[in-house]
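[1] My questions are about this predicted structure, shown below with the sequence.
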Amino acid sequence: MAKFIFITGGVVSGLGKGITGSSLGVLLKQSGLKVFMQKFDPYLNIDPGTMNPIEHGEVFVTEDGGETDLDLGHYERFIDENLFKVSSTSAGKAYAEVLDNERHGRYKGKTVQVIPHITNSIKEKVYTAEEISGADIVISEIGGTVGDIESQPFIEAIRQVRMDRGYENVMFIHVALLPYLSVSREYKTKPIQHSVKEMLSLGIQPDVIVTRTVGDIDSKLTEKISLFCNIPTENVIVCPDADTIYRVPLIIEKSNLHKIVAKQLKLNLKNTDMSGWKKFVEDIEKSVEEIKIHIVGKYVELSDAYLSVMESLKIAGYTWHKKVKFVWVNARNLNEKNLLDNLGDAKGILVPGGFGEAGIAGKMLAAKYARENNIPYLGICLGMQIACIEFARNVLNLPEANTTEVDPSTPDPIFDIIIGKNREKIGGTLRLGKYTTKLKKGSLVSELYGGETAVERHRHRYEFNNDYIEKFEQAGMVFSGIYEEKKLIEIVELPNHKFFVGSQYHPEFTSRPNKPNPLFKGFVDAVIKNQ
Ligand code: GLN
């Protein structure tokens, strides 16, 4: 049986509950335990798959095709484990399952209620995570802030988990803001006291409070929090803002949170080995010299929309001790006239994934500019499709070439729906999750991956139309990756170019600290050489 740690948030959202939980996960894993992570989101969307990235940030995709919250990306990058669909549950998903059961008569005429039906559905996810992961520890984060109406069923469910499994098996960690008032130059503990009071009113006494502060704090304050919030002083963990999220595990290690957890949950920790992680943080510290990468996207107002892309670029940069600076170019505003103003000094251009027509013309210009001017280019998913369509229009002389996503009646549908036409639903119907790509011998990508295959995650609907393969090849495009079973094109590349690669899959989901995804590593290497 697994032990459970639940992370809740107090006072405000956006405090880094995910980073705190992941950091604890790293420490426990490096102490010899098998760790699994899970996120509960209080919103009513079934999953983030259909949510606007500008509002919600990136949709992270798990190997088994779950469209999940971006926090899962942090979890995977920190604990270096592949998570599953069950790692991401929204209130909407819990309600949908319960209502579906109700419609199928599975409650045998009983009144269906938040308690016990919704709470049971939530608890089931917790226990499923335990079962399928076989982990020693399942760390579950409850999104939002304690006190939100929507999060109440989740808080009630985790209270019940403690009833089910007992104090030795379940622990509550409350991450809360300790605000600093710059006028009176003091920290105020009252908001934390109130949020713990709120927790108590819901039947939960936190075991640990992680205070999020702007800097270090006096021990008098931790003593005060301990007294007012009814926990031992050593269980008040101080977590000041860090220069990089990757330093947080080292901060948490110093606070001994993993040992506090081990003591309460009666876990045997082996010697905690954080040497690999420390080396990674040292690499970050050494990464002073900057390189710029231009990202031409359409959700640039919120960089979280491209979180895994950014982390992958940064991680790749650190391996060469380079700090990657992002230059955001809004594809919606990019045109022939302002092209040079925006991309004139670009040393590397990345066009990320996206949906719909907006910004397509701008992205197309960026791909053309990179191709013609020998500037390293990495096209991800839509960015790969754009590169192919641009090539068809400007090299193959097919001026109306397009994807049927943008122009359903194009005479040259370079991308089209190949599998599963006539879908009615838009949610959860993309080609999702992991597929194995066979890499072409002698290609750049096979060199980068150092082998014959690449296993990567997908999230798209439109596929390269194989009727055009020959024409493209004759004009010099190399199809260097293919999903053999269905003969789907996964990677294109241009030889005789510093670096021009497009992947139909999303390589950004598999970069981990010290282990950048090969495409990102190759791209960043090319950008560095192109300075
Ligand atoms: N809109 C494109 C498709 O569905 C690309 C998707 C993406 O970039 N994730 O095929």
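    Ah, there it is.

[2] Contacts only, for residue 150.
    Applying CB atoms under 8 Å, 6 or more residues apart in numbering to residue 150 gives the contacts 42, 43, 44, 91, 144. The C-beta positions use only the backbone N, C-alpha and C, and glycine is treated the same way.

[3] before we move on, what about residue 499?
    Residues near residue 499 by CB under 8 Å, 6+ apart: 376, 377, 378, 444, 522, 523, 526, 527.

[4] so residue 226 touches residue 238, yeah?
    No - counting by CB atoms under 8 Å, residue 226 does not reach residue 238; the two are 11.9 Å apart.

[5] Now flag whichever of the contacts of residue 499 is closest to the ligand.
    Comparing the contacts of residue 499 against the ligand with CB to the nearest ligand atom picks out residue 378 as the nearest, at 13.0 Å.

[6] and that closest one, how many neighbours does it have?
    By the measure other CB atoms under 10 Å, the count of residues near residue 378 is 32.

[7] before we move on, what about the one 10 residues further on?
    Other residues within reach of residue 388 by the criterion other CB under 10 Å amount to 26.

[8] Next, the contact list for it, please.
    Here residue 388 is in contact with 414, 415, 464, 472, 477, 492, 502 (criterion: CB under 8 Å, 6+ apart).

[9] likewise residue 206?
    Applying CB under 8 Å, 6+ apart to residue 206 gives the contacts 8, 172, 173, 174, 196, 199, 229, 231.

[10] okay if I get those residues as a markdown table plus pLDDT?
    Converted to a markdown table, the contacts of residue 206 look like this (pLDDT from 0 to 100):
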| residue | pLDDT |
| --- | --- |
| 8 | 97 |
| 172 | 98 |
| 173 | 98 |
| 174 | 98 |
| 196 | 97 |
| 199 | 97 |
| 229 | 96 |
| 231 | 97 |
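
[11] Just send these back as TSV, with secondary structure and distance to the ligand too.
    Listed next are these as TSV, based on DSSP: H, G, I helix; E, B strand; the rest coil; distance: CB to the nearest ligand atom, whole Å:
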residue	secondary structure	distance to the ligand
8	strand	32
172	strand	37
173	strand	34
174	strand	36
196	helix	42
199	helix	39
229	helix	44
231	coil	45
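
[12] And those, which of them are buried?
    Buried members of these, scored by 16 or more other CB atoms under 10 Å, are 8, 172, 173, 174, 196, 199, 229, 231.

[13] Please tell me how far the nearest residue to the second one once chain neighbours are set aside sits from the ligand.
    What sits nearest to residue 172 in space, not counting adjacent residues and going by CB to CB, 6 or more residues apart in numbering, is residue 206, at 4.8 Å. Spatial separation of residue 206 from the ligand under the definition CB to the nearest ligand atom, to the nearest Å is 39 Å.

[14] How about residue 22, nearest residue that isn't a chain neighbour?
    Using CB to CB, 6+ apart and skipping the chain neighbours, the partner closest in space to residue 22 is residue 78 (3.5 Å).

[15] did I read that right, that neighbour in a helix?
    Yes - secondary structure of residue 78 (DSSP: H, G, I helix; E, B strand; the rest coil): part of a helix.

[16] That one and residue 252 touch, don't they?
    No - using CB under 8 Å, residue 78 is not in contact with residue 252; the gap is 10.9 Å.

[17] Ranking helices and strands of this structure by mean pLDDT, which lands last?
    helix 53-56 (a mean of 86; mean pLDDT, DSSP states H and E).

[18] any idea which helix or strand comes after it?
    For helix 53-56, the succeeding helix or strand toward the C-terminus, using DSSP states H and E, is strand 60-61.

[19] following that next one, which helix or strand shows up next?
    Using DSSP H and E, the helix or strand that follows strand 60-61 towards the C-terminus is strand 67-68.

[20] can you tell if that following strand touches the ligand?
    No - Strand 67-68 is not in contact with the ligand by CB under 6 Å from any ligand atom; minimum separation 10.5 Å.

[21] Check which helices and strands that strand sits against.
    strand 60-61 (3 or more CB pairs under 8 Å, 6 or more residues apart in numbering; DSSP states H and E).

[22] Are the strand it packs on and the ligand in contact anywhere?
    No - remark: strand 60-61 sits outside contact range of the ligand, by CB under 6 Å from any ligand atom, the gap being at least 9.0 Å.

[23] what helix or strand is residue 24 on?
    For residue 24, the host element (DSSP H and E) is helix 17-29.

[24] which helices and strands sit right next to that helix?
    Applying 3+ CB pairs under 8 Å, 6+ apart, one finds that helix 17-29 makes contact with strand 3-10, strand 35-41, helix 71-79, strand 137-142, strand 170-177, helix 248-255, helix 257-265.

[25] Tell me which of these approaches residue 407 most closely.
    Nearest to residue 407 among these is helix 71-79 (32.7 Å), distances taken as CB to CB.

[26] contacting residues around the residue of the stretch 201-350 of the chain found nearest the ligand?
    Here the stretch 201-350 of the chain gets closest to the ligand at one residue, residue 297, 10.2 Å apart by CB to the nearest ligand atom. Contacts for residue 297 (CB under 8 Å, 6+ apart) come out as 305, 306, 328, 329, 330, 331, 351, 352, 354, 359, 363.

[27] Now do the phi/psi pair for the second one.
    Read that as residue 306. Dihedral pair for residue 306: phi -120, psi 30, per degrees, to the nearest 10.

[28] count of neighbours near it?
    Per other CB under 10 Å, the neighbour tally for residue 306 reads 27.

[29] Please apply the same query to the third one.
    Here the number of neighbours of residue 328 (other CB under 10 Å) works out to 14.

[30] Around the ligand, which positions in the stretch 51-200 of the chain sit nearby?
    Taking CB under 6 Å from any ligand atom, no part of the stretch 51-200 of the chain reaches the ligand.

[31] What are the contacting residues of the least confident helix or strand of the chain?
    Applying CB under 8 Å, 6+ apart, the contact partners of helix 53-56 are 48, 59, 299, 301, 302, 304, 305.

[32] host element of residue 295?
    Residue-wise, residue 295 maps onto strand 290-297 under DSSP H and E.

[33] Sort out which residues of the helix holding residue 24 are buried, please.
    17-29.

[34] likewise stretch 400-407?
    Residues of stretch 400-407 classed as buried: 401, 402, 403, 404, 405, 406 (neighbour count, 16+ other CB under 10 Å).

[35] go on, stretch 243-262?
    245-253, 255, 257-262.
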